[in-house]
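Peer 1: Provide a 3D model corresponding to the input given below.
(one chain, ligands or ions: 1)
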Amino acid sequence: MTFWNSVSPAASPAIRRFASLLEPVEDGGLERMAWEASRVTRRHFGKAVRMFAPVYLSNECINSCTYCGFSRENAIVRVTLEVAQVVAEARHLKAQGFRSLLLVAGEHPKFVSHGYLEKCIAAVAAEVPSVALEVAPLETDDYRRMVGAGAEALVVYQETYDPEHYAQIHRAGPKKDYAWRLGCPERGYDAGFRRIGIGALFGLCPWRSEALALARHLEYLLKRCWKAQFTVALPRLRPCAGEFEPLHPMGDRDFTQLQCAFRLCFPQVGIVMSTREPARLRDALVPLGVTMMSAGSHTEPGGYTGQGKEALHHTVGGRQVALAEDRQGDGATEQFAIADERSPAEVAAALQRGGLEAVWKDWDPAIMGGGLL
Ligand code: SF4
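Peer 2: Below you'll find the model as predicted:
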């Protein structure tokens, strides 16, 4: 039995429609989906595409995730930026136009403590109006402190919704706890995050069953956390240290169909597309449903300005050790290789040529009674 036949008759109309839209489709059917997805996107979001950039704070990690360059087993060059160095990265991005920054860090309580995260958030929130967080799962009270420090959005991807496969690819570390990760969006919502991003990493499991699980999670959260704005991301695996090969590669045609299905069944939900995808594909797919894009991204700490170079090291058993001689000219290792290497200005210009508009700022704490930046 194929998965779309296995959707429960008790599933909601939206989930049943979503499952039907994932069925194999002829070219003409996919073109009609794309046309309708584009129409729905313009109706709900106009021409606006919100721009953001990731700022990597640290590539230290105690987890062993087979698909990630930062996995503790990889002998990579690591560093955790000082708060002032994080600010330097943020200012560089601000000068390029960004007003929405996503702070990203691996999970390592020794180097990436909660106090450190709060300081980074507060320092970056003094520079730009919108700060999002993509870090290890936290307790509700800890999330509350992050919101208090100035973070307004939380991003947490389940990676795969298949519990058995999840156990196989998360070989060691706290991330092995599937349920703890699954509960993050709700804890974040209870703590006061106003925007929440969820997603799955495509390439780990068959894409249709993964997409269906993600849609079910999204539908549940839209009801449970009804005051929050939600986004979904559909990242596909990219090359990284450790040289993990996708077990279930997802082609561009399926990727297009998936994006259209999300747009048609969840018209009010934002869709994020990062620089994991190449320029030509991003330009083609953005009009069909994307509402948030990164541009000019670096996926290593200090990648924009060279901050942290003096503190580069390897980490072995939780201890920092000097770089091996043959690695001394290296910068910090990236989490994964990006595919769209255009500058933010080039991406904005491409959006404009396509009749869309790059929006750099759409939120200010003053709206909620904070100070204007
Ligand atoms: S995916 Fe996250 S938790 Fe896993 S190794 Fe990479 S940074 Fe660490």
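Peer 1: what residues does stretch 85-96 touch?
Peer 2: Under the contact criterion Cβ atoms under 8 Å, 6 or more residues apart in numbering, stretch 85-96 has outside partners 53, 55, 57, 81, 101, 103, 120, 123-124, 127-128, 296, 302-305, 307-308, 343-345. All C-beta atoms are positioned from the backbone trio N, CA, C, and that covers glycine.
Peer 1: How far away from the center of its chain is that stretch?
Peer 2: Its chain's C-alpha centre and that of stretch 85-96 lie 19 Å apart, by Cα atoms, centre = their mean, to the nearest Å.
Peer 1: buried sites along it?
Peer 2: 85-90, 92-94, 96 (16 or more other Cβ atoms under 10 Å).
Peer 1: returning to what we had before: which of the contacts of stretch 85-96 are buried, as a PyMOL select command?
Peer 2: Of these, the buried ones go into a single PyMOL selection, burial set by 16+ other Cβ under 10 Å:
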select buried, resi 53+55+57+81+101+103+120+123+124+127+128+296+302+303+304+307+308+344
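Peer 1: quick one: low-confidence parts of the protein?
Peer 2: For the chain, applying pLDDT under 70 flags the ranges 1-7, 363-364, 366-373.
Peer 1: just checking, what's the longest strand in it?
Peer 2: strand 48-58 (DSSP state E).
Peer 1: Run through the neighbouring helices and strands of the following helix or strand past that strand.
Peer 2: Per DSSP states H and E, the first helix or strand lying C-terminal to strand 48-58 is strand 64-65. Secondary-structure packing of strand 64-65 (3 or more Cβ pairs under 8 Å, 6 or more residues apart in numbering; DSSP states H and E): strand 170-172.
Peer 1: The longest strand of the chain close to the ligand?
Peer 2: No - on the criterion Cβ under 6 Å from any ligand atom, strand 48-58 is out of touch with the ligand, staying 9.1 Å away.
Peer 1: same for that strand, what does it pack against?
Peer 2: Counting by 3+ Cβ pairs under 8 Å, 6+ apart, strand 48-58 packs on helix 83-95, strand 100-105, helix 114-125, strand 130-134, strand 292-294, helix 344-353, strand 357-359.
Peer 1: returning to that earlier point: can I get the buried residues of stretch 85-96 in TSV including distance to the ligand?
Peer 2: Supplementary listing: those in TSV, determined by distance: Cβ to the nearest ligand atom, whole Å:
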residue	distance to the ligand
85	19
86	17
87	22
88	22
89	18
90	20
92	23
93	21
94	25
96	25
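Peer 1: The ligand contacts on this protein?
Peer 2: For the chain, the residues in contact with the ligand (Cβ under 6 Å from any ligand atom) are 61, 63, 65, 68, 70-71, 106-107, 175.
Peer 1: Reformat those residues as CSV; add distance to residue 250.
Peer 2: Shown next, in CSV, are the residues of the chain next to the ligand (distance: Cβ to Cβ, whole Å):
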residue, distance to residue 250
61, 25
63, 24
65, 19
68, 18
70, 23
71, 22
106, 25
107, 26
175, 23
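Peer 1: would you say residue 97 is within a helix?
Peer 2: No - using DSSP: H, G, I helix; E, B strand; the rest coil, the assignment for residue 97 is coil, not a helix.
Peer 1: of all of the stretch 101-250 of the chain, which residue lies closest to the ligand?
Peer 2: residue 106 (3.7 Å; Cβ to the nearest ligand atom).
Peer 1: ok, now which ones touch that residue?
Peer 2: Residue 106 sits next to 58-63, 70, 112, 136 when contact means Cβ under 8 Å, 6+ apart.
Peer 1: Now do whatever residue of the stretch 251-373 of the chain ends up closest to the ligand against residue 298, distance only.
Peer 2: At 6.5 Å from the ligand, residue 335 is the closest residue in the stretch 251-373 of the chain, using Cβ to the nearest ligand atom. For residue 335, the distance to residue 298 equals 10 Å [Cβ to Cβ, to the nearest Å].
Peer 1: can you list residues touching both of the two?
Peer 2: Contact criterion Cβ under 8 Å, 6+ apart; residues shared by residue 335 and residue 298: residue 56.
Peer 1: Nearest to residue 362 among the residues of the chain next to the ligand?
Peer 2: Nearest to residue 362 among the residues of the chain next to the ligand: residue 106, at 28.8 Å, using Cβ to Cβ.
Peer 1: Nearest spatial neighbour of that closest one, chain-adjacent residues omitted?
Peer 2: Nearest non-adjacent residue to residue 106, counting by Cβ to Cβ, 6 or more residues apart in numbering: residue 61, 3.2 Å away.
Peer 1: okay, now that neighbour: neighbour count?
Peer 2: 27 (other Cβ atoms under 10 Å).
Peer 1: Test my guess that it contacts residue 73.
Peer 2: No - using Cβ atoms under 8 Å, residue 61 is not in contact with residue 73; the gap is 9.9 Å.
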